[in-house]
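[1] give me coordinates for this.
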Amino acid sequence: MSRRITVGSRGSKLALLQAESVVAEIREINPDLDVSINKIVTTGDRNHRSRLGRTGTAIFVKELEEALLDGRIDIAVHSLKDLPTELPPRLCLLAVTERLDPRDVLVAKSKLNELASGSKIGTSSLRRTIQLMSYRPDLLACPIRGNVDTRLRKVFSGEFDGVIVAAAALLRLGWDKRITEYLPRDFLPAVGQGALAVEARLGDVDIARLVLPINHLPTWQCVTAERALLRALGGGCRAPVAALGTVNGNTLKLEGMVASVSGRKVLRASEEGSAISAEEIGVRLAQRMLAKGAVEIIAEARSYENW
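    Numbers count the residues shown, from 1 in each chain. Predicted coordinates for the structure are as follows:
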C-alpha cells in the first residue's frame, strides 16, 4: 500500500483549510502517511466575471479532475456543492466528511427583516437570489464574485449592504462572529452544502483503503439523496435547485426546491424513508416534483442556457 499521497486543492485560503482538514482526518487514521497538498488553479479561480448561474460550479473542479486523471494528484478535495452529479468515467466520489452547518447566512449592516428597502445584497447564486426575492422582494440582489473575504470586504467598504454566503465557509475560516444572521429555515441550501468531497480514481484500491475510513455515514446518506434528486431533475441544467437531507435515527427526510430562472415559479416538496435507501428517496422526490410542474421549470432553464 502506498504510504505517500498527494492531495489536490484550489489555492484559496478556504480551499486550503478544507484540504488540510481532510488531510488531518486521514493522518489521524494513518499517522505514518506522507501527505502533500498540490495547489491547482481552476477556471473558476481565473474567471471572476461570469455569473455562476450561467457557467455552473463545474468550473471549480475541471482542472483538479484532470490532475487526478493524469496522476499528478491521488485525491482531490472539493466543496461538495461544487462537484457535478455526473463524474468523469474513471473518477468516483470516494468519501465525504462530516457536514458543518448547511445553512446560508447573511453578513450585513442589520438583520434581513431590518434592512432598508432597496438595500443591495450580493450573491453569486440564482438559488439564493430567488429565495431572497420571495422573502424580501423590495431588496436588490446583485451579482458578486470572488473569495469569501473579498465578498465580506465589499460589505465593510459600503459597496454592498450585505452578502449571503454559506455558514460552513465562515465557520471553517473562524469568522463565525461576522455572521449577522442565519437565514430562515425555508431558505434551502445548495445540494451538498457544508460537506467536503474526496474524489479519487475509480479502482485505486490503495487510496480507497486510506481514505474510506474518514467517510461520515449520515452525511453520505444525506448528500446521496440530495445529489440523486438533482441528477433526476436534470442536474446539468441551470435551473436553481436546493435540497437538504437530514437523518434522524434510521429515517432520512429530504426537502427540495426547484425554481424557474425568472423566479416566477417556485416548487417545493419533501420525501422521507429509510436512510439506507437514500438514492431512492432522492429519485422519488424528483419524480413527484416533475409530476407537479418541474418539467416546465427545467424546460425554461434549458431554453435560458441556449439563449
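
[2] ranges for the helices of the stretch 51-200 of the chain?
    Ranges of helices within the stretch 51-200 of the chain are 52-55, 62-69, 126-135, 148-156, 167-173, based on DSSP state H, counting those that start in this stretch.

[3] out of the ones you listed, deepest packed?
    Each of those was scored by mean neighbour count; the highest is helix 126-135, a mean of 21, by mean count of other C-beta atoms under 10 Å. Just so you know, the C-beta spots here come from the backbone N, C-alpha and C atoms, and that holds for glycine as well.

[4] out of the helices of the stretch 51-200 of the chain, which gets the lowest mean score?
    Per-stretch mean pLDDT for these is lowest at helix 52-55 (a mean of 44).

[5] test for you: state the pLDDT assigned to L140.
    Listed pLDDT for L140 reads 96.

[6] what's the closest of the helices of the stretch 51-200 of the chain to L267?
    Distances from L267 to each of these were compared by C-beta to C-beta, and the smallest falls on helix 126-135, at 11.3 Å.

[7] what's the closest one packed up against?
    Using 3 or more C-beta pairs under 8 Å, 6 or more residues apart in numbering; DSSP states H and E as the contact definition, the elements that helix 126-135 packs against are strand 140-142, strand 241-248, strand 251-259.

[8] export those strands to a markdown table and tack on distance to E98 and mean neighbour count?
    As requested, those are exported to a markdown table (distance: least, C-beta to C-beta, whole Å; neighbours: other C-beta atoms under 10 Å):
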| stretch | distance to E98 | mean neighbour count |
| --- | --- | --- |
| strand 140-142 | 31 | 17 |
| strand 241-248 | 12 | 22 |
| strand 251-259 | 16 | 22 |
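
[9] with distance to R127 added, can I get the ones you listed in a markdown table?
    As requested, those are exported to a markdown table (distance: least, C-beta to C-beta, whole Å):
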| stretch | distance to R127 |
| --- | --- |
| strand 140-142 | 11 |
| strand 241-248 | 5 |
| strand 251-259 | 7 |
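
[10] which one of these lies closest to L16?
    Going by C-beta to C-beta, the one of the helices and strands packed on helix 126-135 nearest L16 is strand 241-248, 26.9 Å.

[11] and the contacts of the closest one?
    Contacts of strand 241-248 from elsewhere in the structure, counted by C-beta atoms under 8 Å, 6 or more residues apart in numbering, are 102, 127, 131, 188-191, 218, 221-226, 229-230, 233, 235, 252-258, 275, 278, 281-282.

[12] what angle sits between it and helix 126-135?
    Strand 241-248 and helix 126-135 are oriented at 90 degrees to each other (axes from the mean of the first three to the mean of the last three C-alpha atoms, to 10 degrees).

[13] confidence score at the closest residue in space to V247 that isn't next to it in sequence?
    Residue nearest to V247 in three dimensions, not counting chain neighbours: P218, with 4.5 Å by C-beta to C-beta, 6 or more residues apart in numbering. Reported pLDDT at P218 in the predicted model: 98.

[14] element containing P218?
    helix 217-234 (DSSP states H and E).

[15] from the contact counts, what lies against that helix?
    Helix 217-234 makes packing contacts with strand 91-96, strand 241-248, strand 251-259, helix 278-289, helix 295-305 when contacts are defined by 3+ C-beta pairs under 8 Å, 6+ apart.

[16] quick one, which of those gets closest to P84.
    Closest approach to P84 among those is made by strand 91-96 (10.3 Å; C-beta to C-beta).

[17] in its sheet, what does that closest one sit against?
    Partners of strand 91-96 in the sheet, by DSSP bridges, are strand 196-201 (antiparallel).

[18] show me the contact partners of the strand it pairs with.
    Applying C-beta under 8 Å, 6+ apart, the external contacts of strand 196-201 come out as 18, 21-22, 61, 64-65, 68-69, 74-80, 83, 87, 90-97, 207-208, 211, 214.

[19] out of the residues you listed, which end up buried?
    When burial is judged by neighbour count using 16 or more other C-beta atoms under 10 Å, the buried members of the contacts of strand 196-201 are 18, 22, 61, 64-65, 68, 74-80, 83, 91-97, 207-208, 211, 214.

[20] re earlier: in JSON lines, list the helices and strands packed on helix 217-234 along with distance to G146 and mean pLDDT.
    JSON lines is the format used below for these (distance: least, C-beta to C-beta, whole Å; pLDDT from 0 to 100):
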{"stretch": "strand 91-96", "distance to G146": "26", "mean pLDDT": "97"}
{"stretch": "strand 241-248", "distance to G146": "22", "mean pLDDT": "97"}
{"stretch": "strand 251-259", "distance to G146": "25", "mean pLDDT": "97"}
{"stretch": "helix 278-289", "distance to G146": "32", "mean pLDDT": "98"}
{"stretch": "helix 295-305", "distance to G146": "24", "mean pLDDT": "77"}
